[in-house]
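Visitor: output the structure for:
(2 chains)
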Amino acid sequence: MSEVAEKVKNIVIEHLGVDADKVTLEAAFIEDLGADSLDTVELVMAFEEAFGVEIPDDAAETILTVGDAVKFLEKATA
Amino acid sequence: MVTPLGCGVEHTWSALTAGKSGARRITEFEVGDLAAQIACLIPRGDGTNGTYNPDQWMEPKEQRKVDEFIVYAAAAADQAIADSGFSVESHEEAVRAGVMVGSGIGGLIGIQDASYTLAEKGPRRISPFFIPGRLINLAGGQISIKHGLKGPNHAVVTACSTGAHAIGDAARLIALDDADVMVAGGTESPISRLAIAGFAACKALSTAFNDNPTAASRPYDKDRDGFVMGEGAGIVVLEELEHAKKRGAKIYAEVVGYGLSGDAYHITAPTPDGDGAYRCMVSALKRAGVTPDQIDYINAHGTSTMADTIELGAVERLLGDAAGKAAMSSTKSMTGHLLGAAGAIEAIFSVLAIRDSLLPPTINLDTPDVETPIDLVPHKAKEKKVRYALSNSFGFGGTNASLVLKSFDG
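Guide: As a prediction, the model looks like this:
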């Protein structure tokens, strides 16, 4: 797992209070990890904070899974 | 209940009737520049021996999103509902069961922290949980969600009268047939630099006992110099009598009287003649259909401020010739002042006085500032049969509430 993926995973575990083994790249925040719409807003904020990037609202709407977040953040921080 | 004397009714009550103070020096944040450096804080721990462990009542990830007054309320509501044996089993039951939990201030600390975030990092860093974690009615909202209570969902905000108003208003909703069951009470988590600075600026807090915290809350004593801030929650389950009997519920007492009044005088001070308090008690007794001489115990508002004597004067005026056989104590001498939760925990103490025929004391009453025929139950708890108890709460803004509670005779 890449450094970005590891960091994303830890943020998801912390914010959603889920077990580490559930946080796979395929896991969807809402369907698989029990997040609600407010949780996803907060997650995006946490990603912005941790990676020092800005995630515009239209981009945030496409981040539905852990993998989506990793892909976006790898590109944004490359 | 969750109070500075412990988590749970029995832990709090045994400390209270033993005359224990919940006050100590604040070590949680810097107090060096604050006029008041003490408070009555909830004993935190692993949840054993009456300590409060928030993780028992709300998942850590949910706690992170809310101010503590919501967690205290969740804990107190869980305890009360478990003790009542009531649970929602059908849609019909759900829509007849509601919540009325208030707070004086609500999420002050969270608002403070978010304002720092806004100033330092800008609006994009304000959490989506900022608002729903600070709103006062979200204490009740969370309780309703957890326990499936779909009836009236309301919240009282009347400063230090909140808890008493919540119980009185909830009882009225039941009497008006809007609900069969109401989870009612108050909660508060004010202890912070901001709240202490604010109340100290109002000259409301004790500042002379920073080195002797357990002596600071001393209602009616000549050395009293202000209240000691407390935190916690008190919540009860109110139920329509026949509904409670039908399911064989354990009935502690009945809410038979409730009075409300306003001072229309000053933003923080009561009228010097205590007329607002007097009218409030009179209307509670009238509603209960009892005469002043039938009141066996009064749980005073008694905050350890100059206003103690004003309340006492109003109570003497109410009782008249019966003052000589009346007893009144201020449990704030031990719990401190829980603001929006005070009226709720004190209603519970009044009920327990009825249950155990035991009056909690007014501690630290070494040199009474007043001469009164009323027994202020100094220092030590006292055995006395209580059939009717009166619980008083008065708040900033000149808002008054009195409850009359009666032993349940079957």
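Visitor: for the stretch 1-150 of chain B, which segments count as strands?
Guide: Assigned by DSSP state E, counting those that start in this stretch, the strands in the stretch 1-150 of chain B fall at B:2-3, B:6-7, B:23-25, B:38-40, B:97-102.
Visitor: cool, the stretch 151-300 of chain B as well?
Guide: Along the stretch 151-300 of chain B, counting by DSSP E, counting those that start in this stretch, strands occupy B:153-154, B:181-188, B:232-239, B:253-262, B:297-299.
Visitor: return the most buried member of the ones you listed.
Guide: Between the strands of the stretch 151-300 of chain B, strand B:181-188 has the highest mean count of neighbours, a mean of 34, where neighbours are mean count of other Cβ atoms under 10 Å in any protein chain shown. Every residue, glycine included, has its C-beta placed from N, CA and C.
Visitor: ok, for the one residue in chain A that gets nearest to chain B, nearest residue in space, not its chain neighbours?
Guide: Proximity of chain A to chain B (Cβ to the nearest Cβ) peaks at residue A:17, 3.2 Å away. Closest residue in space to residue A:17, ignoring its immediate chain neighbours: residue B:61 at 3.2 Å, by Cβ to Cβ, 6 or more residues apart in numbering or on different chains.
Visitor: how about the residue of chain A closest to chain B, what does it touch?
Guide: For residue A:17, the contacting residues are B:59, B:60, B:61, B:62, by Cβ atoms under 8 Å, 6 or more residues apart in numbering or on different chains.
Visitor: check chain B for its longest helix and report it.
Guide: Determined from DSSP state H, the single longest helix within chain B is helix B:68-84.
Visitor: which residues of chain A fall in helices?
Guide: Ranges of helices within chain A are A:3-16, A:37-51, A:57-60, A:66-77, based on DSSP H.
Visitor: my guess is residue B:56 contacts residue B:75. True?
Guide: Yes - with contacts counted by Cβ atoms under 8 Å, residue B:56 reaches residue B:75, the gap being 7.4 Å.
Visitor: of these two, which one has the most company?
Guide: More neighbours surround residue B:75 than the other of residue B:56 and residue B:75, with 25 against 11 (other Cβ atoms under 10 Å in any protein chain shown).
Visitor: what's opposite the residue in the stretch 151-300 of chain B that chain A sits nearest to in the beta bridge?
Guide: Residue of the stretch 151-300 of chain B nearest chain A, by Cβ to the nearest Cβ: residue B:153 (19.6 Å). For residue B:153, the beta-bridge partners under DSSP bridges are residue B:99.
Visitor: next up, the contacts around it.
Guide: With Cβ under 8 Å, 6+ apart as the criterion, the residues that contact residue B:153 are B:98, B:99, B:137, B:140, B:141, B:144.
Visitor: pLDDT score for it?
Guide: Note on residue B:153: pLDDT of 98.
Visitor: how about the one 5 residues further on?
Guide: According to the model's per-residue confidence, residue B:158 sits at a pLDDT of 98.
Visitor: next one: residue B:380 from residue B:260, what distance?
Guide: 33 Å (Cβ to Cβ, to the nearest Å).
Visitor: if we ignore the residues flanking it in sequence, what's nearest the closest residue to chain A within the stretch 251-400 of chain B?
Guide: Closest residue of the stretch 251-400 of chain B to chain A, Cβ to the nearest Cβ: residue B:340 (26.0 Å). Nearest non-adjacent residue to residue B:340, counting by Cβ to Cβ, 6+ apart: residue B:104, 3.1 Å away.
Visitor: now for the one you found: which residues touch it?
Guide: Per Cβ under 8 Å, 6+ apart, neighbours of residue B:104: B:157, B:158, B:159, B:160, B:162, B:186, B:188, B:190, B:339, B:340, B:341, B:395.
Visitor: which of the residues you listed sit farthest apart?
Guide: For the contacts of residue B:104, the maximum inter-member distance is 15.2 Å, found between B:158 and B:190 (Cβ to Cβ).
Visitor: which ones among the contacts of residue A:17 lie within helices?
Guide: B:60, B:61, B:62.
Visitor: of the residues you listed, closest to chain A?
Guide: Once Cβ to the nearest Cβ is applied, the member of those that ends up nearest chain A is residue B:61, at 3.2 Å.
Visitor: settle this for me: the closest one is touching residue A:16, isn't it.
Guide: Yes - look at residue B:61 against residue A:16 with Cβ under 8 Å: they come within range, at 6.7 Å.
Visitor: out of these two, which sits in the busier spot?
Guide: residue A:16 (20 against 15).
Visitor: any idea how many residues pack against residue 10?
Guide: Assuming you mean chain A. 13.
Visitor: switch to chain B, please.
Guide: Neighbours of residue B:10 under the rule other Cβ under 10 Å: 11.
Visitor: and stretch B:146-156, how far out from the chain middle?
Guide: 19 Å (Cα atoms, centre = their mean, to the nearest Å).
Visitor: for it, buried residues please.
Guide: Neighbour counts using 16 or more other Cβ atoms under 10 Å in any protein chain shown place B:147, B:149, B:150, B:151, B:152, B:153, B:154, B:155, B:156 of stretch B:146-156 among the buried residues.
Visitor: ok, those residues vs residue B:90, which is closest?
Guide: residue B:150 (10.8 Å).
Visitor: circling back to that earlier point, save the strands of the stretch 1-150 of chain B as CSV, and put in mean pLDDT too.
Guide: Formatted as CSV, the strands of the stretch 1-150 of chain B follow (pLDDT from 0 to 100):
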stretch, mean pLDDT
strand B:2-3, 98
strand B:6-7, 98
strand B:23-25, 98
strand B:38-40, 98
strand B:97-102, 98
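Visitor: sorry, back to before: counting contacts, what elements does the longest helix of chain B pack onto?
Guide: strand B:2-3, strand B:97-102, helix B:138-147, strand B:181-188, strand B:232-239 (3 or more Cβ pairs under 8 Å, 6 or more residues apart in numbering or on different chains; DSSP states H and E).
Visitor: give me the neighbour count for residue 67.
Guide: You didn't pick a chain, so chain A it is. For residue A:67, using other Cβ under 10 Å, the count is 16.
Visitor: wait, chain B
Guide: Residue B:67 has 26 nearby residues by other Cβ under 10 Å.
Visitor: for residue B:404, same thing?
Guide: 26.
Visitor: which helix or strand contains it?
Guide: strand B:399-407 (DSSP states H and E).
Visitor: check the offset of that strand from the chain's centre.
Guide: The mean C-alpha position of strand B:399-407 is separated from the chain mean by 12 Å, Cα atoms, centre = their mean.
Visitor: quick check: mean pLDDT of it?
Guide: 98.
Visitor: kindly report the same for stretch B:240-256.
Guide: On average, stretch B:240-256 scores 97.
Visitor: ok, residues contacting that stretch?
Guide: For stretch B:240-256, using Cβ under 8 Å, 6+ apart, the contacting residues are B:83-86, B:167-168, B:171, B:174, B:179-181, B:238-239, B:287-290, B:350-352, B:354-355, B:388-389, B:403-408.
Visitor: list the buried ones in it?
Guide: Neighbour-count burial for stretch B:240-256 [16+ other Cβ under 10 Å]: B:240, B:243, B:244, B:249, B:252, B:253, B:254, B:255, B:256.
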